[in-house]
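Peer 1: generate coordinates for the sequence data below:
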Amino acid sequence: MIKRFCGRHGIRRRVSRAGREVGGGVHKVGAALTARLGGGQLDGVEIREVGDGNLNFVYIVLGPAGSFVLKQALPYIRCVGESWPMTKERAYFEALALKEHGRLCPDHVPEVYHFDRSMSVIGMRYLEPPHIILRKGLIAGIEYPLLAEHMSEYMAKTLFFTSLLYHSTAEHRRAVAEFCGNLELSVREDDALKIEVAGLKSMFCERAQALIHGDLHTGSIMVTSDSTQVIDPEFAFYGPMGFDIGAFLGNLILAYFSQDGHANEGHDRKAYKQWILRTIVETWDLFQKKFISLWDEHKDGKGEAYLISIYNKPELWISLQQKYLKDLFHDALGFGAAKMIRRIVGIAHVEDFESIADASKRASCERNALNCAKRLLKERRQFETVGQVISVIQEIQPY
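Peer 2: The predicted model follows:
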């Protein structure tokens, strides 16, 4: 990054390798954002780069009377370089998804203040300290008592209210068409495993169930003890619900398997591993309850997936819902396991393992996680309850 200063306003201006003047973007979108800094006078405004991700630049903009975050998409993958191009249009879909998910679940999605498509820049709420990235909190061994409650609410509302369970067919098709341009961003010696992955890939590309976040890992969630905020939906599109649920649960499982590598004499992480397992169980159980509750509440609405006039017997309705949730559970296990494997053997590793200093411990943790993921992926249809999943995790690595 090249650092300069804008003399007229005293604002630090940073220019990316792609040549985008992000600091200059403050002037371009000033009408929408400067009021949040304290009005038209911009003296004393500070712009600080904080992005540590694989793809984008992120800046905190602090003023005398307020703040916001600027996020800029680059035309390539940041952690690789210009040799791996990626369209900047992902910023448009991220802003769109933030607004829609924020409308459906405002307590857990930061507000978007402004979007500049020409510069691929989003201006949004700054999640001030003590908010931290959930992944870092899990590495540090911090418990978040409301995490399962908040994440189950977020997933239940965003998935149900963007599905055919709530929308008419015409509404759903219009919404799917809006996001279909983002599909290209969402896909980039064990034969049984390969066959299962092929089936998941087909489902990923073909099943437009709901507006999914598309990258709902623990690095896309900011938390405090009483706040949970979901960020970074730049890969959002209409896809299988299980992809989001699996991403979140799969990353919690990765966090569980990493704990032995972070344990020390002062903190053996045994109690913390139990908390992670409880959070996995509570998240799924709460999600099921909230999702079914929303479905029952709106069963007489315009949703056309399962018409109450056809499924008009109480026992039939209950059986239908049970089958739907069972299939969704199996989808989530498959996608979650696939994402676990990608995070271990793919190009984008996770800090949970990468921050383990002892190489032998790190290898052991990764091996256990990989074995768990392979088993969950190949045997996912055999699981009836989340408790059975926990048993497999504990079998591979007891707490």
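Peer 1: where along the protein do the helices fall?
Peer 2: Per DSSP state H, the chain carries helices over the ranges 22-28, 30-33, 90-104, 134-140, 147-160, 169-179, 191-206, 241-262, 270-297, 314-345, 351-354, 359-379, 386-396.
Peer 1: most neighbours per residue, which of these?
Peer 2: Among these, helix 241-262 has the highest mean neighbour count (mean count of other C-beta atoms under 10 Å), at a mean of 26. (Each C-beta comes from the backbone N, C-alpha and C, glycine too.)
Peer 1: against which helices or strands is it packed?
Peer 2: helix 134-140, helix 147-160, strand 210-212, helix 270-297, helix 314-345, helix 351-354, helix 359-379, helix 386-396 (3 or more C-beta pairs under 8 Å, 6 or more residues apart in numbering; DSSP states H and E).
Peer 1: Glu171 is nearest to which of the ones you listed?
Peer 2: When the helices and strands packed on helix 241-262 are compared by C-beta to C-beta, strand 210-212 sits nearest Glu171, at 11.9 Å.
Peer 1: low-confidence stretches in this protein?
Peer 2: Where the chain drops to pLDDT under 70, the residues are 1-32, 39-41, 52-53, 183-189.
Peer 1: could you list the domains of it?
Peer 2: As given by automatic domain parsing, the domain ranges for the chain are 10-124, 132-396.
Peer 1: any idea how far Glu354 is from the nearest residue to Asp285 once chain neighbours are set aside?
Peer 2: Leaving aside its chain neighbours, Asp285 sits nearest to Val386 (6.9 Å; criterion: C-beta to C-beta, 6 or more residues apart in numbering). Val386 is 28 Å from Glu354, where distance means C-beta to C-beta, to the nearest Å.
Peer 1: cool, and Lys270?
Peer 2: Taken as C-beta to C-beta, the span from Lys270 to Glu354 is 23 Å.
Peer 1: can you check Ile253 too?
Peer 2: Computed as C-beta to C-beta, the Ile253 to Glu354 distance reads 17 Å.
Peer 1: same check, this time on Val109
Peer 2: Computed as C-beta to C-beta, the Val109 to Glu354 distance reads 28 Å.
Peer 1: pretty sure Ala263 contacts Arg269?
Peer 2: Yes - in this structure, Ala263 is within contact of Arg269 by C-beta atoms under 8 Å, at 4.3 Å.
Peer 1: the two: which is more packed in?
Peer 2: Arg269 (19 against 16; other C-beta atoms under 10 Å).
Peer 1: mind putting the helices of the chain into TSV with distance to Gly214?
Peer 2: Shown next, in TSV, are those (distance: least, C-beta to C-beta, whole Å):
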stretch	distance to Gly214
helix 22-28	24
helix 30-33	26
helix 90-104	8
helix 134-140	17
helix 147-160	11
helix 169-179	10
helix 191-206	10
helix 241-262	7
helix 270-297	18
helix 314-345	11
helix 351-354	20
helix 359-379	20
helix 386-396	23
